[in-house]
Structure formats: C-alpha cells, structure tokens
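Asker: Let me see the structure of the following:
(chains A and B)
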Amino acid sequence: MTATHISPDDLPALSVGCTVFAGGGGGDPRIGELMAMVAIRELGPVEVRPLDGFDDDDLIMPCGMIGAPTVMMEKIPNGAEGRVIRESYEQQFGRPVAAVMPFEMGGINGVLPVAWAAYAGLPLLDADFMGRAFPELQMLTPHLYGMPGSPAVITDERLQTIVFTTRDNIWLEKLVRNAVAAMGGSACGGLYPMTVGQARRPAISGTVTRAIRMGEAILGGGDDPLAAIAEVAPMVRLGQGKVIDIERRTSGGFVRGSALIDGLGDDKGRLFRLEFQNENLVVIEDGEPLATVPDIITLLDVHTGHGIVTEMIRYGQRVEIVAFDSPAVWITADGLKAVGPRAFGYDFDFVPVAERASGSAPTRVAGGFRA
Amino acid sequence: MGGLRVGIDVGGTNTDAVIMDPQDRLLAKVKHPTTPDVTTGILSALQRVLGEVDGAAERVTHVMLGTTHATNAILERRNLNRVAAVRLGGPATQAIPPLSSWPPDLRMAVSCGETIVDGGVEMTGEPIVALDEDAVCRFLESVREQAEGVAVSGVFSPVLSDQEFRVEQLVRQVLGDVPVSLSHEIGSLGLLERENACVLNAALVAVAGRVTDGLSNAMRAHGIAAEAYIAQNDGTLMSLDYVRRYPILTIGSGPTNSMRGASYLTGSTDALVVDVGGTSTDIGILSSGFPRESSTAVEIGGVRTNFRMPDLVSLALGGGTILRESGGVVELGPGSVGFRLTSEALVFGGSVPTLTDAIVASGRGGGIGDATRTTAHTDLLLRCLAACAVRIEEAVDRVKTSGRELPLIAVGGGSGLIPETLAGVAGVHRPENYDVANAIGAAIASVSGEVDRVFSYGKDGRDDALAEAVRLARDEAIRAGADPAHVEVVEIDEVPLAYLTEPVARVRVKAAGPLKTH
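Answerer: Coordinates of the predicted model:
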C-alpha cells in the first residue's frame, strides 16, 4: 500500500493544482488552503490513501462546499461542518466513516476536505467524483451509474443541518440549491455516501496526488510554468492573449458570462470568446468551438501558470487558453448527456479538443449552430 | 501670480524635494540623505529647496509628501501600535482565526489579542446571528492594558456596516479614546484580506501621527502656511486628517509617484518605467499615463491584502548595493549601504564597492564622486554592472505584457545602472531631472473625490445609477480643488446586494484630477 501525507508545506501546491484542474470553476482555493493549514498545524498531516488501501465495505464520505465561493470568501465556514456531516452519516449508517473524499477535485473543494480529514483524524481518499469542477449535483460520476446522491447532509456555519432524501438526483440539486440560498448562499455538504466497493466504478482515482504534482511543477517550474504543466498532464494550447472584455451576470444561482481574449504573440490577430457558467464551457473563434465541456478549459496566468477562476478574470490579464482531456467517464453517451455542450444549452456536439487541434474535426459552426 | 507647489519624496536612501510653479515647471530640486528618524531629513530637504527660490516660503500653496514610513514600519516591525483585533462573524469564520496567515514575528509585534464574537451579516444584510455585545466588552476589558488600537472587521460589512459602528461605540465606552479602524472603510469584499488591511491600518496610526506632525512642524518652522497632502497608492492625495485615519493607504505611493513623474518628465503615456533607488529597483508599466495595476492580491510585509497597487517587478538592486566576488563569481547584494552611501561608497572616500561605484567606473556617473578611487576595482565593478544589466533585462521582459517594443524611461538616483540598449525595448530615455521623478510625481499628484452609497437599480436601471454615482464623485473632486476640465473616474467598485425585491448595489466611485492652479 502506498501512503503519502499532506503537510502544511504541500498545501500551496495542492491549491495551485486545484486552480488548473478546476476549468475556471470551484472558486479561489485560498479559503480551503487556509482552513487546511489551521487544521493541520493543530492536528498534524493528513494521510492520502488510494482506494486499494481500504476494505471493500469501508464507508466513505464525499464532501465539499456547495453554493457561491465568493460568499465563502466573506462568510468563512465554522470548521465543524465536516464533523457534523460525518456524525450524521455515522448515525444513519450505524458505523464509522473510514475516509473523507473530495467530491470535486477543483477550486476550493479540492482543498477544503483536507481540513475535515485533519479534524476527523481520517485519511483522505486519493480520488474524486468529477475529475475537475462542475456546477451541479447531478454532475458527479455516480449519477451516471444510477447511484443516488441521497442521503445528502447539508449544514451551514450555524451548524443547522438538513438531511435530504430525494426521489432522484435532479430533485436533489433543486432542493439543495434552495436550501443553500436560504442559508445565505454557501453551505457545506456530504453527497453520494457509499462504500469503497461501490466507489470502485465511479471514482476517478489519483486526482488528489495529481493536483499536488501539478502544483509542485508550477511552483518549481521557474520561468516556463506552461512547460512544467504540460509535463504533468497533456494539454492543448488554444491560444495566448489579453482579456479585453469581461461580462458576468448572476442568474438561477449561477454566474454566467463571457470573456473576450485578444490574441498576442504568435496568436496576434485572433479573437477568442470564452463562455462560462461558473466553469468554463466553450472557447469559440470565428463562430467555431475550439474546445468544449467536458474537456477542461482553463485560463492560465502566463506569468505564474496559475489557473484563473471565472470570478477573477479581469480586463488586461495576459492569459494562455489551454484545454486538458476530459476524464473518460464524461465522454460516454451518458456522460455527455449530463455534462456535454448540449447539457449547457449549446446546439453542437462534443468533439475532443485533441481531435479538433489535430485538424480532423470538421465542425464548422455558424452563429453558434452547426451548419 | 499663482502659488508654488512643493513635492517631497522620502526614499530608503534619499529624501528629495522639488518646487514646481503653477505651469508645472520645475523651479528647484534637492537631494538629501534620508535620516534614521526620517523627519529631520524632511526638514533639511525642505529648508534647502526653499533656499533656492527667492521668497518661496510665502508663495507655497501646497505641499505634497510621498513617504515609505508606513511600508518601512511594517517591513522592519518598528513603531507599530499594539492592536486588538475584533472579528464579528461567529459562529461562521471560526475555521480561520484572525491573522492566521501572518508571519509570526509581525503578528507578535502587532497583535495584543484576537477574538471572534458572534455577529456579522449575510450578503443580504440580515444578521448571521445577533451581535454579542457582552463578548465584545469582555474582550476589550481583557486587552485594556495593552491595546493601542482596535481593528473591527465584520462579515459582509461592506454591505451593511451598522455592527462595526456599534462596536466602535463600545470601544469608546470601555477603552475611551483608543484609535479604532473599521474594515468597511478600508477594503472591499474578501473578509481575510480586508481584516488584514484593517489590522495593519490600526497598527500604523502612531507612525501616521509622527509623519503628519513632522510635516506640519517642518512647514511651520519655515513659515509655510499651505495645504499639506500625503500621496496614496493610487496616485491621488490625502489630507493629513485622512492619513491619520487611513495610514495604510499611503503604502505603494512611492512607485506610483515615480511612474507618474516619469510620464510628466517625458510626456510619454505608454512606456516601461524603471526606477532605480539606493536599495531597490522597481519596474512597472505606464498605460495611458497611469501605472498598470496588479490584478492579483498584494502582499505587504508578508500579509495578503486586497489593495490595488501598481503591478511591479522589484529587484533588490540599487545604487547602494554592495558588490563582492567569491570563487570567481560576482555577487550583487542583497545588502545595501542605504543612506550611508555618501560615506561608505568608494567614490565618496569609503571602502565598500557599490553599484554606484560601478556606474562611475563605466563613465555613466555624470560627475558624481571621485572616479579615481574605483581604479583598483575596475574589473569587479564592470563585471557586476554587466551582471546587473542581465537581471534588469530579464525583469523588464517579465513586466511586459506584449511582444511590442515599448520605450523605457529610466528614473531614480541609481538609473545609471540601466544600459543604453535592452532587448525588447524601443530606446532608453533618460529625461532631465530623472533623479527627482518621485518628488515631481508627488507634486503633480491628483486630488480626488469619492462617493460610497447604496443605489437601487430598480427604478432607473443600473446605467443611470452608475452615471449618478460618477457625477457625485466628480463634483466631490472638483470641490476638493481638482480642475473640472481634467477630472477622470479612476475606480468603480460595485458590490451587488442580493435583495429579493429589486436589484440593489453598493457603489463606490472615485474620481480624480490635477489641482486647479489658476
């Protein structure tokens, strides 16, 4: 069994790695990083353990924050939310939780569960259910396998707690979203509780350690962070440019909007349009998509290599637009139905970014529609 | 006949002073070594520059000071007030206690106690839970002996600030006349960064008092009855009263002043600016005449804040940088002789090889010091100068945001370090009076007006509300003395408040313009 530990010195790397794999969503990991730092300083490093390091009937607790990360930057959690969720599950299932798991390995949620693992004295499972960040609760891999998100436990910083037992995962999303709004726009939750045996199929393994490796590469990458990133995960460089316009609006509990990026350097004369709903959804040039969800589209700061979350996009930023391959589970028929371009209202199909980049993709799109 | 303006810049090495006439012409300039107490240097520089223009003292109408007092106090952990930090937010926010991410020695120097009491509001303005006033009073009692300042930071206080004001009243009742900093007056959304800035602000109140008293006394001693201002990070000016309340806002004014001064000296609005001082070199970009601002969080002395600051690359290289050689490799600093340059550098009769000596040895010294004293070290000095040029070239490339060649303006006393040609640069400009660009930047700084109000977007829509806010801010700037023909909006900060009935936002607009001098 391989075991590794997250100490305070590893947190900056984990945090930076989570900005890259977030695809623009999930919020600035900073609050999660500081929470984990406070917890680990007090209680010691957190063990990161792969799925194989557990028994099949061990109970795992997938968890994270739900709602607007910008609210959490102001209304920081109490810190005991993880314990409340764990106690609720232990009571419901009648046995102890064996591992804490990040349900989303991107943005703040890639780091926050480290704090809860430290407080609980439990290992952190080296896996998640998204392989990136996504905005909705049915956009987790167990949903594709017909597994229920219920019972879901939602708790706020007052430690007011609701257990949701819903008809299906779409209802779960709808009811939790409303509860979180009433709690002030951000809350913490546990979802899709299951055993290690049940998690074997939906879990995307190795994502915690991959984020740490990515962060280490960027922070130690010297003058060329982009080259360092490409060494950890294959990526397609879509273009480099400067943000010349950014437009955001809040609707339906999400931040939707777009950014215009004017090409620089080798990409001078090109104009890219990035559209997002919390996460980056598509990059369009001349009416043609260059990359779409579920491939992970990230704006990287050209100076630091850090990923830029959608709410931090600012006029004048110099960015590299890159895309990483989607986790395989999302590009199945069921996966694309849940998180493909059409799930976000686009009238075109998913084509892997690597195929588009190699010139084999024939998708000419006019006016946002396939011609 | 119009009034004269005096601009003063206090740097780590020199205190510079200039006199400008109403047409922005430079009438006099002096450089004086910065003194350990800073104030003596200001007094001496003022005295000398006034001596250069007949009857200047009576004709001066404005004195503008740019100073690194606050920055240095934080970096050196000196002269800081002991602060009691009160956060209103429990049971939320307990996961990250106040000042958790501060460098331990700075936290020790500043904090005399930290607490999180129940309180704070949601983004709608509704209370998270009721403010626990008893807990506030108990905490204040516990720090009664140590607290020289109190910093109050409430969750979502930029949306609704009532609780912070209420705690200020409680401080008055329990501790009497202790300076209080309220976070909503200092920063925007982002609790930890706003709280950090608020605590630093409270820690700097005594430093601000010394600077403002020192400037007032220096002016009185020279019979100057003028308006006094201190420059802030965005290139606009603050009254002395304002500085006493918000000293944190002076941080970052130095680079802003030098870039604005460089723009004035060359007439360029888009250029690279390299300011070489005695201990450090700052490289930034002028865009439309103003410094390009940093888009990421800014750290002050290792503490993260959400201030908007010029986006700079700084190098620990300056005219006073100490040069060595070990094992055939040249070492540039990081130490500097600082304000002892004029006694310790070779060309001034000292025994320490510095970058100033290297500049003189290369023939770019412009006649300062005694060049013959460098001859024994020529090889070391010239190799160091070449190594220095490489580091500046790399840093310039990092600052640039496009491949386009930009002109480079070299300013500051040590700017002889900058070679005649640099890759990616369309010519190096060394304007006349380059050595006092900072003081000139202070003298030509803008005056500003600000509006900070909650606007309803319901009736008239967002565009009309923003237009109204801009109009109010412009009027305020003009009332403060700005030239109506040149007032511009420098900042719009919009915080949407998520009320259910109609869209409402807190809008902060700042407008600024040059002083109207005729």
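Asker: in the chain, which ranges drop under the pLDDT threshold?
Answerer: Using chain A here. Within chain A, the segments meeting pLDDT under 70 span A:1-3, A:223, A:250-253, A:359-371.
Asker: hm, I was asking about chain B
Answerer: Looking at chain B by pLDDT under 70, you get B:1-2, B:295-296, B:401-403, B:458-460, B:495-504, B:517-518.
Asker: Where do the helices of the stretch 1-150 of chain B begin and end?
Answerer: B:39-50, B:56-59, B:69-76, B:104-110, B:133-142 (DSSP state H, counting those that start in this stretch).
Asker: packing partners for the first one?
Answerer: Of the remaining helices and strands, those touching helix B:39-50 by 3 or more C-beta pairs under 8 Å, 6 or more residues apart in numbering or on different chains; DSSP states H and E are strand B:4-10, strand B:14-20, strand B:26-33, helix B:56-59, helix B:205-221. C-beta coordinates here come from the backbone N, C-alpha and C atoms, glycine included.
Asker: One more: the last one?
Answerer: Using 3+ C-beta pairs under 8 Å, 6+ apart as the contact criterion, the elements in contact with helix B:133-142 are strand B:83-90, strand B:111-118, helix B:162-175.
Asker: Is it possible to get a markdown table of the helices of the stretch 1-150 of chain B that adds mean neighbour count and distance to B:Ala389?
Answerer: As requested, these are arranged in a markdown table below (neighbours: other C-beta atoms under 10 Å in any protein chain shown; distance: least, C-beta to C-beta, whole Å):
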| stretch | mean neighbour count | distance to B:Ala389 |
| --- | --- | --- |
| helix B:39-50 | 21 | 31 |
| helix B:56-59 | 17 | 40 |
| helix B:69-76 | 20 | 27 |
| helix B:104-110 | 16 | 35 |
| helix B:133-142 | 17 | 55 |
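Asker: Let me have the ones you listed in TSV, adding distance to B:Leu160 as columns.
Answerer: Output for the helices of the stretch 1-150 of chain B, formatted as TSV (distance: least, C-beta to C-beta, whole Å):
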stretch	distance to B:Leu160
helix B:39-50	41
helix B:56-59	48
helix B:69-76	29
helix B:104-110	27
helix B:133-142	17
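Asker: what about those helices, which gets the closest to B:Met259?
Answerer: The closest of these to B:Met259 is helix B:69-76. By C-beta to C-beta, the value is 16.4 Å.
Asker: Would you mind listing the outside residues contacting that closest one?
Answerer: Defining contact as C-beta atoms under 8 Å, 6 or more residues apart in numbering or on different chains, one finds that helix B:69-76 is touched by B:10, B:12, B:38, B:78-80, B:106, B:200, B:203-204, B:207-208, B:210-211, B:247-248, B:250-252, B:254, B:300-301, B:303.
Asker: List only those of those residues flagged as buried.
Answerer: By neighbour count, with 16 or more other C-beta atoms under 10 Å in any protein chain shown, those hold B:10, B:12, B:38, B:79-80, B:106, B:200, B:203-204, B:207-208, B:211, B:247-248, B:250-252, B:254, B:300-301, B:303 as buried.
Asker: Of these, which belong to strands?
Answerer: In strands, defined here by DSSP state E, the members of the buried ones among the contacts of helix B:69-76 are B:Val10, B:Ile300, B:Val303.
Asker: what's A:Gly121 sitting at in phi/psi?
Answerer: Main-chain torsions, A:Gly121, degrees, to the nearest 10: phi 70, psi 30.
Asker: Can you get me a residue count around A:Glu173?
Answerer: For A:Glu173, the tally of surrounding residues (other C-beta atoms under 10 Å in any protein chain shown) stands at 20.
Asker: need the contact list for it.
Answerer: Counting by C-beta under 8 Å, 6+ apart, A:Glu173 touches A:Glu136, A:Leu137, A:Gln138.
Asker: Wait, a strand at B:Gly223?
Answerer: No - judged by DSSP: H, G, I helix; E, B strand; the rest coil, B:Gly223 forms no part of a strand; its state is coil.
Asker: follow-up on the earlier one: can you lay out the helices and strands packed on helix B:39-50 as TSV showing distance to A:Gly287?
Answerer: Putting the helices and strands packed on helix B:39-50 into TSV (distance: least, C-beta to C-beta, whole Å) gives the following:
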stretch	distance to A:Gly287
strand B:4-10	53
strand B:14-20	55
strand B:26-33	55
helix B:56-59	65
helix B:205-221	56
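Asker: most packed of those?
Answerer: strand B:4-10 (a mean of 29; mean count of other C-beta atoms under 10 Å in any protein chain shown).
Asker: Would you agree B:Gly3 is in contact with B:Ala57?
Answerer: No - using C-beta atoms under 8 Å, B:Gly3 is not in contact with B:Ala57, being 11.7 Å away.
Asker: biggest strand in chain A by residues?
Answerer: The single longest strand within chain A, with elements called by DSSP E, is strand A:235-251.
Asker: Now do the buried residues in it.
Answerer: Neighbour count says strand A:235-251 has A:Met235, A:Val236, A:Arg237, A:Leu238, A:Gly239, A:Gln240, A:Gly241, A:Lys242, A:Val243, A:Ile246 buried, by 16+ other C-beta under 10 Å.
Asker: Please apply the same query to stretch A:296-313.
Answerer: For stretch A:296-313, by 16+ other C-beta under 10 Å, it's A:296-303, A:305-313.
Asker: Stretch A:323-338 too?
Answerer: Buried residues in stretch A:323-338 (16+ other C-beta under 10 Å): A:Ala323, A:Phe324, A:Asp325, A:Ser326, A:Pro327, A:Val329, A:Trp330, A:Ile331, A:Gly335, A:Leu336, A:Ala338.
Asker: Of all the helices and strands packed on helix B:39-50, which one comes closest to A:Arg132?
Answerer: Short answer: helix B:205-221, nearest of these by C-beta to C-beta, at 47.0 Å.
Asker: got the contact list for that closest one?
Answerer: B:38-39, B:42-43, B:46, B:63, B:65, B:67, B:69-70, B:73, B:79-81, B:148-149, B:179, B:181, B:225-226, B:228, B:230, B:240, B:243-244, B:247, B:250.
Asker: let's go with 7 Å and repeat that
Answerer: Applying C-beta atoms under 7 Å, 6 or more residues apart in numbering or on different chains, the contact partners of helix B:205-221 are B:39, B:42-43, B:46, B:63, B:65, B:67, B:69-70, B:73, B:79, B:81, B:149, B:179, B:226, B:228, B:240, B:243-244, B:247.
Asker: got it, and stretch B:448-458?
Answerer: Around stretch B:448-458, the neighbours that count as contacts under C-beta under 7 Å, 6+ apart are B:236, B:465, B:469, B:472-477, B:479-480, B:490, B:497, B:502-512.
Asker: Narrow those residues to those in strands?
Answerer: B:Val490, B:Leu497, B:Val504, B:Ala505, B:Arg506, B:Val507, B:Arg508, B:Val509, B:Lys510, B:Ala511, B:Ala512.
Asker: among the residues you listed, who's most crowded?
Answerer: Greatest neighbour count in the ones in strands among the contacts of stretch B:448-458, by other C-beta under 10 Å, goes to B:Ala511: 29 neighbours.
Asker: Skipping its backbone neighbours, what lies nearest that residue in space?
Answerer: Computed as C-beta to C-beta, 6 or more residues apart in numbering or on different chains, the closest residue to B:Ala511 that is not its neighbour in sequence is B:Ala473, at 4.1 Å.
Asker: I'd like to know how many residues surround the one you found.
Answerer: What B:Ala473 shows, counting by other C-beta under 10 Å, is a neighbour count of 26.
Asker: wouldn't it be in contact with B:Val509 here?
Answerer: Yes - assessed by C-beta atoms under 7 Å, B:Ala473 is found in contact with B:Val509 at 4.1 Å.
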